[in-house]
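S.K.: the following comprises the amino acid sequence and a computationally predicted model.
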Protein chains: 2
Amino acid sequence: MATLADVARRSGVSVMTASRVLSGRGPASASARDAVTQAADELGYVPNAVARGLRNSRTGTVALVISDIQNSFYSAVAKAAEKGLGAHGLNLTIASSNEDAQRERDILQAIQAMRADALLITPTEHNGDHLQRLAQHGLPIVQLDRSVPGSDIRRVLLDNAGAAWRAVTHLTEHGHRRIALVGGPERITTGAERASGARNAARQAGAELLVAEAASYLHEGTRPAVEEAIDWGPTALIAGNNIVLETCMDVLLERGIDVPTALSLVAFDDLPWLRWTPAPITALRQPIAQMTTAAVSMLFTDPDSDGVERRFPAELVERASVRRITTAS
Amino acid sequence: MATLADVARRSGVSVMTASRVLSGRGPASASARDAVTQAADELGYVPNAVARGLRNSRTGTVALVISDIQNSFYSAVAKAAEKGLGAHGLNLTIASSNEDAQRERDILQAIQAMRADALLITPTEHNGDHLQRLAQHGLPIVQLDRSVPGSDIRRVLLDNAGAAWRAVTHLTEHGHRRIALVGGPERITTGAERASGARNAARQAGAELLVAEAASYLHEGTRPAVEEAIDWGPTALIAGNNIVLETCMDVLLERGIDVPTALSLVAFDDLPWLRWTPAPITALRQPIAQMTTAAVSMLFTDPDSDGVERRFPAELVERASVRRITTAS
DNA sequence: GCGCCGAATGGTAACGATACCACCTAGAAC
DNA sequence: GTTCTAGGTGGTATCGTTACCATTCGGCGC
């Protein structure tokens, strides 16, 4: 592969002049400019980003660490991140932790090794100190969707409590008095905040609330919680994230429970297919693209300038999966 | 950030000895081994992959170029690729072209600049020569899902013609005589091959077939073709890919067309939500994970040893969206 | 005509790791 | 005792690029 030295030789100038012409910094005569550009064209010269990265200690790569690229939430994040970074001329490296803290540590080490310029992460709950260490090395880090409790690393989050409050209130306003929420593990911030927002709303409305806690964000881990919630016999069910929602759909189908006649349903996270179920599903829509864009631009602002946390509200999209209950008192 | 020189200094050995100990190649005494490992630990030394990449001209990074990470097909590919590469200790860089040939060219250039060790790509139809150029520079390339016509670059593909044949035959066996297929653009191999397989099957069964060609793989581009197909008044509709399927669902819903009473439906590509529609949708399941795994391992085998093309069959998953038509002759 | 300025250019060193070679020592074989 | 071997070790050059400095040259003002 052609190097800068090859280009310089062919165009009859020094390596430095070639470098200046091609990088566009520093002065260069018109004739040098022409000769170098032409030689570079003819040789198909493509600068070596590895050498450049070593020299400049900036690689032009940003790492995105998520738990599962196949989860639609994260693929939406990946898409928005790639778009936002592309506008800055940066590349994106993606790694999935699969909710495995050890794997996440390995990934963080690999990211440190490859000298990524910045890190966007939806962290598991265990690696706060590792993140902190990376941050101390001067790596710009922004947490997205979730955050490690008690860390001062910047983050862009949903207003989880508010969203859950909204969902429960929507249900109580429709006459529901026995509501179940199947959420993620409460050791993860999204799980805890959504549970707490739901509890507040239920207390205010004087409704009963069961919070069933899924053991993990993997399908196997959610089924017991979903079954527990349904067995409890609520009139309405809130699926606390899209993994839980899928499990709910399976269980409801297996048991022949009709939505909304037998059970009302609200989903966290809006997805195209929610429109195509027998009763289109009411959902809380998260502004994923905006959140990601905000996180990306936060990466490039002074860590001390803005606040450490930014929250986005969810929007309730009403469809047909919530039935109005008239109390037959 | 600590360098090898720092580790060497702290442990009282030369840089070379430190290098040998930490990389595990070359001899080293037990005492040197201990001293170096301890110093590396204390300093939190993480090798600089950029420097290593420059020296060794191997970066340990594989690039994946797809058209849209948010498309479930490609996110499944990304997941399987990441898993397969992780087993080899390789990192994954993902870039989306959004079906834009110019953007794809820019991405290819960036990949060349970052000196990725290999490339996995679902190519647009236009950049065959660019791919060829990269291949000539010695970059291992495998095309996935689609291929550039007439190139000798290795590829892992679905048996598209066979799958489409299967879908049409399934419908004719259920008595359908007027079948519409909404496929991708025929300039893309998947579109062309699926159309041709469907035509064969229709001819063999003596059924009428309309192939409506979507202008692109973006939602806006598929709607006219879907409407054309439905207006034609078929008894059965085949959605040639998952983008088309989503558009179909929207149009059917808007028009109040019931599946399968008014129209039978077969989808290319199986997805969880197909089970949750009013009539669960019959689909051709592509072995995405296996195909991707095969593509990844093809990257690391001798280009001349195996064949240049590998095909995988799709499996027909029967559900409730295909109605049996009894001819009232 | 002399000194000065800025544009243009080239040489050198450095980023951090490792391949290659040269060396040095201790032990084995004769 | 001498030679040979092999394990252990360190020096040096190198990957491709760019920051920094030194040099040259033409033109301008006095």
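M.R.: Yep, that arrived.

S.K.: do I have it right that residue A:133 meets residue B:46?
M.R.: No: using Cβ atoms under 8 Å, residue A:133 is not in contact with residue B:46; the gap is 10.3 Å. For the C-beta atoms, the positions are set from N, CA and C on the backbone; glycine is no exception.

S.K.: look at those two and report which has more neighbours.
M.R.: Neighbours per residue (other Cβ atoms under 10 Å in any protein chain shown) separate residue A:133 from residue B:46, with residue B:46 holding more: 20 against 14.

S.K.: how much space separates the more buried one from DNA strand C?
M.R.: Using Cβ to the nearest atom of the strand, to the nearest Å, residue B:46 is found at 7 Å from DNA strand C.

S.K.: what about that residue, which SS state?
M.R.: The three-state label given to residue B:46 by DSSP: H, G, I helix; E, B strand; the rest coil is coil.

S.K.: contacting residues for the residue of chain A found nearest chain B?
M.R.: Residue nearest to chain B within chain A: residue A:273 (3.8 Å; Cβ to the nearest Cβ). Residue A:273 is in contact with B:249, B:271, B:273, B:276-277, counting by Cβ atoms under 8 Å, 6 or more residues apart in numbering or on different chains.

S.K.: again, only using 6 Å
M.R.: Taking Cβ atoms under 6 Å, 6 or more residues apart in numbering or on different chains as the criterion, residue A:273 is in contact with residue B:273.

S.K.: ok but it is inside a strand, no?
M.R.: No: using three-state DSSP, the assignment for residue A:273 is helix, not a strand.

S.K.: tell me the pLDDT of residue A:125.
M.R.: pLDDT for residue A:125: 80.

S.K.: next one: the closest residue to residue A:239 other than its chain neighbours from DNA strand D, what distance?
M.R.: In this structure, residue A:239 finds its nearest non-sequential neighbour in residue A:245, 3.8 Å apart by Cβ to Cβ, 6 or more residues apart in numbering or on different chains. Plainly put, residue A:245 is 48 Å away from DNA strand D if you go by Cβ to the nearest atom of the strand.

S.K.: please apply the same query to residue A:134.
M.R.: 24 Å.

S.K.: so which bits of the stretch 51-200 of chain A are right by DNA strand D?
M.R.: Neighbours of DNA strand D within the stretch 51-200 of chain A, by Cβ under 7 Å from any atom of the strand: A:51-52, A:54-56.

S.K.: filter the residues you listed down to the buried ones and hand me the ChimeraX line.
M.R.: ChimeraX command restricting those to the buried ones, with burial defined by 16 or more other Cβ atoms under 10 Å in any protein chain shown:
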select /A:51,52,54
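
S.K.: and which of the residues of the stretch 51-200 of chain A next to DNA strand D is nearest residue B:265?
M.R.: Closest approach to residue B:265 among these (Cβ to Cβ): residue A:52, at 52.3 Å.

S.K.: checking that closest one next. Helix, strand or coil?
M.R.: Under three-state DSSP, the three-state class of residue A:52 is helix.

S.K.: and it, what pLDDT?
M.R.: The model's pLDDT for residue A:52 equals 97.

S.K.: again with the one 4 residues further on
M.R.: We note a pLDDT of 95 for residue A:56 in this prediction.

S.K.: all strands of the stretch 151-300 of chain A, in order?
M.R.: For the stretch 151-300 of chain A, the strands defined by DSSP state E, counting those that start in this stretch cover A:155-158, A:178-183, A:208-213, A:236-239, A:264-268, A:282-285.

S.K.: circling back: same for DNA strand C: which of the residues of the stretch 51-200 of chain A next to DNA strand D are within range?
M.R.: Among those, the ones lying near DNA strand C by Cβ under 7 Å from any atom of the strand are A:51, A:54-55.

S.K.: will you turn those residues into a markdown table that also has distance to residue A:78?
M.R.: Converted to a markdown table, these look like this (distance: Cβ to Cβ, whole Å):
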| residue | distance to residue A:78 |
| --- | --- |
| A:51 | 28 |
| A:54 | 28 |
| A:55 | 30 |
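
S.K.: just the residues you listed now: which is nearest residue A:77?
M.R.: The closest of these, once distances to residue A:77 are taken by Cβ to Cβ, is residue A:54, at 30.1 Å.

S.K.: tell me, which of the ones next to DNA strand C among the residues of the stretch 51-200 of chain A next to DNA strand D make contact with chain B?
M.R.: Restricting those to those within reach of chain B (Cβ under 6 Å from any Cβ of the partner chain) leaves A:51, A:54.

S.K.: would you mind measuring from residue A:119 to residue B:257?
M.R.: 48 Å (Cβ to Cβ, to the nearest Å).
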